[in-house]
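1. Give the three-dimensional model of this entry:
(2 chains)
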Amino acid sequence: MSILANKDTRLLVQGITGNEGLFHTEQMLFYKTNIVAGVTPGKGGDWVLNGKIPVFDSVQIAMEVTGANASVIFVPAMYVGDAIFEAVDAEIPLVVCITEGAPIQDMMRVKQYLKSRKTKLIGPNCPGILTPGETKIGIIPGNISIPGNIGVVSRSGTLTYEVLYALKKNGMGVSTCVGIGGDPVKGMGFVETLDLFEADAKTDAIIMIGEIGGNDEELAADFISRKLTKPVISFIAGVSAPPGKRMGHAGAIIEGTSGTAEGKIKTLESVGVKIARFPEEIPGLVNL
Amino acid sequence: MKLHEYQSKILFTMYGIPIPNGRIANSAKEVRQISDELGGKVVIKAQVLVGGRGKVGGVRIAKSSDEAEEFANQILSMEIKGLPVRKVLVDEAVSISQEFYLSIANDRNTQKPVLMASSSGGVEVEDVALKTPERIIKRTIDPLLGLRDYQLRDVAINIDLDRMYWQEFGEIINGVWKVYVECDATLVEINPLVITADKRLLALDAKIILDDNALFRHPSLAELRDKDAESGPEIKGRAFGVTFIKMEGNIGCLVNGAGLAMATMDIIKTLGGDAANFLDIGGGATAEKVAASLRLILEDQNVKAILINVFGGITRCDEVAKGLMTAYNEVKPEIPIIVRLVGTNDEEGLRLLRGSSLIPAETLVEAATIAVQKAYGG
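-> I've put the predicted structure just below:
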């Protein structure tokens, strides 16, 4: 088992004819992800990758024809809001938005709209989902992780790869890895993802990778203390970050005195979460 | 991206928010002229993108045009927190009977806009927020519905605003909301919003921060960027597409990804060292970008060792190695450079580094340990 995506996931790619979209479609196909369609408005009827994947004008048509049940978005930042609204209105169950640089107010409107809808959103500005041995939705390198019983959820990209790689080197495998993204306004957070891992029979321990800014880790700590029975190991990036400096991610901004790495670490430790001081220390903290 | 007060006030005018009479000036002579027009009693305000300018003499009230010119000369030769004052705003001086705080900003925790207001406006508003948070009224705005009329009344009631000003106050908040939405701001703040002795509501100060991600929708606002507000290497980095932030330590860092870059700086700190910079080359960086990044780090004379940590996904390690060798052969740096390459094409990357004095490391811990040792003369 796994969460969010598995070998039965039928994926469509929004923005499949762009450079990024096409490149990563190929990478995902190489991982045997079941990609059934692409969507690029105005290019419906085309085929890409030597006739492997049909392109449609809209998400709705693509879903009707191919039975797609998940979408991954690679469209440029200025079209991200519209692309997500389109997918949500087509009632696709899962949307994973890889694109970075989405305007914050666009995402606020998306986020509010999603509350009345059933679609789950991951991202934007995230590496996506990897269920090792089954499917990959997004850009997480497939060869750095093996199937197993550890759930991974992260706000970061390459830092997540570092952790997956460290696990693999220690012979440890992953049920599903979810990169939820580093933007201040995003789809699923730690709490929703932890909830899914708790319910997943295949997941026995959870690794949570956070960073400075926002209160996602604090909300997670509260949820862990009330609901979670599985062990959680965490790494929080940004202990050395000076207050108020913006470290690339829109997500990594310290607001006032809240959102510091120290504060998050303290809160998580108080609910029994084991904290790694650096990514390579994580495998040693997983006792299964 | 922060806007200057004078730029923010121009936007305020366009959205019907009342501001004092005044104009921007580049010289003391211009200040005198504006002061003459405004009747001699003016406030001269340094236009720099840092807070606390009033406390260091960057805001002065002049009682005559002579005084205005004199103050302007002083302020225009100042540096405030390292930023030169190139322009001053000259506003009519008004007598204030009451000060309020008013803003609309992104609230990260609710992931919605929040309207904040207080009857305790002025320079000490952060103190008020800390010591008497109940004096700051906060109302969440639905990003799809927008600001509702009852919310305007609700805020007016809760800051004890005299009823005679409700209408005008509501129009000001609506103006702030429109600026926030139509300019894609992350903050629109009036502090203070005042009632003058002659019963006018005026935005005495104005602060707007725009969402960098949305500037593509606002090309004319994007042009307002003040290059003084960022230090040299940060602008240089942006020019070739990397995020660079100067820090105080002596170990230069070159990493792909913001989270990994922070984790790399953290481990340096854990091991007793200090990073000289944050540098995220982003995903899929080319050899040229890597070379330019390394050159940029080497410009910092404090740097005693450099730690390169790249986890290849979209980024190819051979491409990174090529860039490193280009800059290395050109600059011939004498400081130790520790390189950790893992992931896509890492073997080819490491092969390219062979024969150079770059020090390869297998793990992040190992790389950081060597970097800290070398930086402290080990």
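2. so A:I84 touches A:V95, yeah?
-> Yes. Counting by CB atoms under 8 Å, A:I84 touches A:V95, with 6.0 Å between them. (C-beta placed from N, C-alpha, C; glycine too.)
3. for the residue of the stretch 1-150 of chain B found nearest chain A, what are its contacts?
-> Going by CB to the nearest CB, chain A is nearest to B:P143 of the stretch 1-150 of chain B, at 4.1 Å. By CB atoms under 8 Å, 6 or more residues apart in numbering or on different chains, the contact set of B:P143 is A:Q105, A:M108, A:R109, A:K111, A:Q112, B:K112, B:P113.
4. Would you tell me what the next helix or strand after the host helix or strand of B:P113 is?
-> Element membership of B:P113 [criterion: DSSP states H and E] is strand B:112-118. Downstream of strand B:112-118, the first helix or strand assigned by DSSP H and E is helix B:125-131.
5. what's the helix or strand just after that next one in contact with?
-> Of the helices and strands lying after helix B:125-131 in sequence (DSSP H and E), the nearest is strand B:136-140. By CB under 8 Å, 6+ apart, the surrounding residues in contact with strand B:136-140 are B:101, B:107, B:110, B:112-118, B:125, B:128-129, B:151, B:154-155, B:158-159.
6. and after strand B:136-140, which helix or strand comes next?
-> Assignment by DSSP H and E places the next element after strand B:136-140 at helix B:149-158.
7. any residue of that next one up close to chain A?
-> No. If you take CB under 8 Å from any CB of the partner chain as the test, helix B:149-158 misses chain A, and the best it gets is 15.9 Å.
8. by how many degrees do the very next helix or strand once past that helix and helix B:149-158 diverge?
-> Downstream of helix B:149-158, the first helix or strand assigned by DSSP H and E is helix B:166-182. Interaxial angle, helix B:166-182 versus helix B:149-158 (axes from the mean of the first three to the mean of the last three CA atoms, to 10 degrees): 120 degrees.
9. And helix B:166-182, what does it pack against?
-> Applying 3 or more CB pairs under 8 Å, 6 or more residues apart in numbering or on different chains; DSSP states H and E, one finds that helix B:166-182 contacts helix B:5-14, strand B:96-107, strand B:112-118, helix B:149-158, strand B:185-196, strand B:201-203.
10. Pull out the buried positions in it.
-> B:169-181 (16 or more other CB atoms under 10 Å in any protein chain shown).
11. dump the residue contacts of the residue nearest to the spatial centre of chain A.
-> Nearest to the mean C-alpha position of chain A, by CA atoms, centre = their mean, lies A:G179 at 2.8 Å. The neighbourhood of A:G179, defined by CB under 8 Å, 6+ apart, consists of A:122-123, A:126-129, A:138, A:140, A:154-157, A:160.
12. pLDDT weak spots in the chain?
-> You didn't say which chain, so I picked chain A. The model of chain A has pLDDT under 70 over residues A:243-258, A:288.
13. other chain: chain B
-> Within chain B, the ranges that satisfy pLDDT under 70 run B:229-231, B:378.
14. can you list the domains in it?
-> What automatic domain parsing lists as the domains of chain B is B:21-92, B:96-222, B:231-375.
15. out of these, deepest packed?
-> domain B:231-375 (a mean of 21; mean count of other CB atoms under 10 Å in any protein chain shown).
16. one step back: sitting in strands, which of the contacts of A:G179 do you find?
-> If you go by DSSP state E, those have A:I122, A:G128, A:I129, A:G138, A:S154 in strands.
17. just to revisit the earlier point, near chain B too, which of the contacts of A:G179?
-> Residues of the contacts of A:G179 in contact with chain B (CB under 8 Å from any CB): A:P127, A:I140, A:S154, A:R155, A:S156, A:G157, A:T160.
18. Can you tell me which of those lies closest to chain B?
-> Nearest to chain B among the ones next to chain B among the contacts of A:G179, with distances taken as CB to the nearest CB, is A:S156, at 2.6 Å.
19. List the contacts of the residue nearest to the closest one when sequence neighbours are not counted.
-> If you skip the residues right next to it in sequence, A:S156 has B:G259 as its closest partner in space, 2.6 Å away by CB to CB, 6 or more residues apart in numbering or on different chains. Taking CB under 8 Å, 6+ apart as the criterion, B:G259 is in contact with A:154-160, A:182, A:209, A:211, A:237, A:249, A:252.
20. what helix or strand does B:G259 sit in?
-> Using DSSP H and E, B:G259 falls in helix B:258-270.
21. Bridge partners for the residue nearest to the centre of chain A, pull those for me.
-> With DSSP bridges as the criterion, A:G179 is bridged to A:G128, A:S154.
22. Which residues of the stretch 151-300 of chain B lie near chain A?
-> Counting by CB under 8 Å from any CB, the stretch 151-300 of chain B sits next to chain A at B:181, B:184, B:186, B:211, B:213-214, B:216-217, B:243, B:245, B:247, B:255-263, B:265-270, B:274-275, B:278, B:280, B:283.
23. if we go to 6 Å?
-> Within the stretch 151-300 of chain B, the positions adjacent to chain A are B:184, B:211, B:213-214, B:216, B:243, B:245, B:256-260, B:262-263, B:265-267, B:269-270, B:278, B:280 by CB under 6 Å from any CB of the partner chain.
24. Of the ones in strands among the contacts of A:G179, which is the nearest to chain B?
-> Nearest to chain B among the ones in strands among the contacts of A:G179, with distances taken as CB to the nearest CB, is A:S154, at 7.7 Å.
25. Would you confirm that A:D216 contacts A:F190?
-> Yes. Taking CB atoms under 6 Å as the definition, A:D216 is a contact partner of A:F190 at 5.0 Å.
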